[in-house]
Structure formats: C-alpha cells, structure tokens
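Enquirer: Quick one, fold the following:
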Amino acid sequence: MEKTFVCIKPDGVQRGLIGEIVKRFENRGFTLVAAKFMLVSRELAEKHYAEHVGKAFYNGLVNYITSGPVFAMVWEGEDVIKGVRQTVGATKPIEAAPGTIRHDFAAKMDRNLIHASDAIPTAEREIALWFRPEEMVEWTSITNPWVFGKNS
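Expert: Coordinates of the predicted model:
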C-alpha cells in the first residue's frame, strides 16, 4: 500500500488545525500509520529542504519550519500521494480549489499550513528522514474494503 509524508507546519499547529486536518484525511479513507508532535531541528529542516539550497527562499523555509512545533505524519492508502495533495490544495492558497485545506484555512503562500510529499520517491525520502522504521504502525482499518474495495 502506498504511503506519504504530511507535516502540519507551525502556523497550522498554532491555529489549532491539527484535528481538522487529520479528520479530512480520515474522511478520505486514508490510514494514519505514524505521527509525532515535535520541534524541528535546523539539521532536519536543512535535510528536508535540501533541494532548495541556494534559492532565495531557502533560509526562510528553514526558519519557518523550525519556528514552532509541527505535527508530522505518515498516511497510507491507494493513490494516497495524489489524494492527500488533492485534499491539501495548491501551494498558493489563492489558487487552491474550494474545499481544500489551503483554500479553506490559508491566505498566503508563506503561511500555507501543510506540507505533503509530491511523488513516491519524495515520500520515501521524507518518511525515512522524519520517522524511524519502529515508529511506523502497520495495521489495517476495518473500513478499507469499503473505501478501496473493488466490485467483482
């Protein structure tokens, strides 16, 4: 089953949106398999944003993600990467579709509440960066057949 990394950023935590965001992914039928509330070290932030080193906005990203607690998660499900990103909405909240997290709760790109992996290789790298294997809980929700079942 496909897995993805999601992180509610400091603005989402400060605004009390953890429960609302988790609920949206649960409502989609995705399964939470790892989560932790944490402060992000500068070292972790620099590794997470390594592909942006040298870009004008890099230092701002690192400073932002380390400015307060985050809620890091791993979600599982069929096509979970695409489904989570659809639920999250466009990076620029002003371009996000109505009903998405960023449309409903964010006003500008610098405070867009949440990060979600964009592809399988990215998800694998980010999950390994943020979680140790023993922090993952492998389980099957009894709702899976009702969400991901196939008609035969």
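
Enquirer: so where's this structure shaky on pLDDT?
Expert: For the chain, no stretch is flagged by pLDDT under 70.

Enquirer: Can you name the residues in contact with stretch 129-148?
Expert: 5, 7, 29, 31, 33-34, 36, 44, 47-48, 72, 74, 77-78 (Cβ atoms under 8 Å, 6 or more residues apart in numbering). All C-beta spots, glycine's among them, are computed from the backbone N, C-alpha and C.

Enquirer: burial measure for Asp110, as a count.
Expert: A count of neighbours around Asp110, defined by other Cβ atoms under 10 Å, yields 12.

Enquirer: Quick check, it in contact with Tyr64.
Expert: Yes - the pair formed by Asp110 and Tyr64 meets the contact definition of Cβ atoms under 8 Å, at 7.3 Å.

Enquirer: Secondary structure element for Gly16, which one?
Expert: Assessed by DSSP states H and E, Gly16 sits outside every helix and strand.

Enquirer: Helix, strand, or coil at Ala128?
Expert: Going by DSSP: H, G, I helix; E, B strand; the rest coil, the secondary structure assigned to Ala128 is helix.

Enquirer: Tell me where the protein has strands.
Expert: Remark: strands assigned in the chain by DSSP state E are 3-8, 31-38, 70-76, 114-116.

Enquirer: hang on, the earlier thing: report the two of the contacts of stretch 129-148 separated the most.
Expert: Pairwise distances across those peak at 31.1 Å for Gly29 and Lys47 (criterion: Cβ to Cβ).
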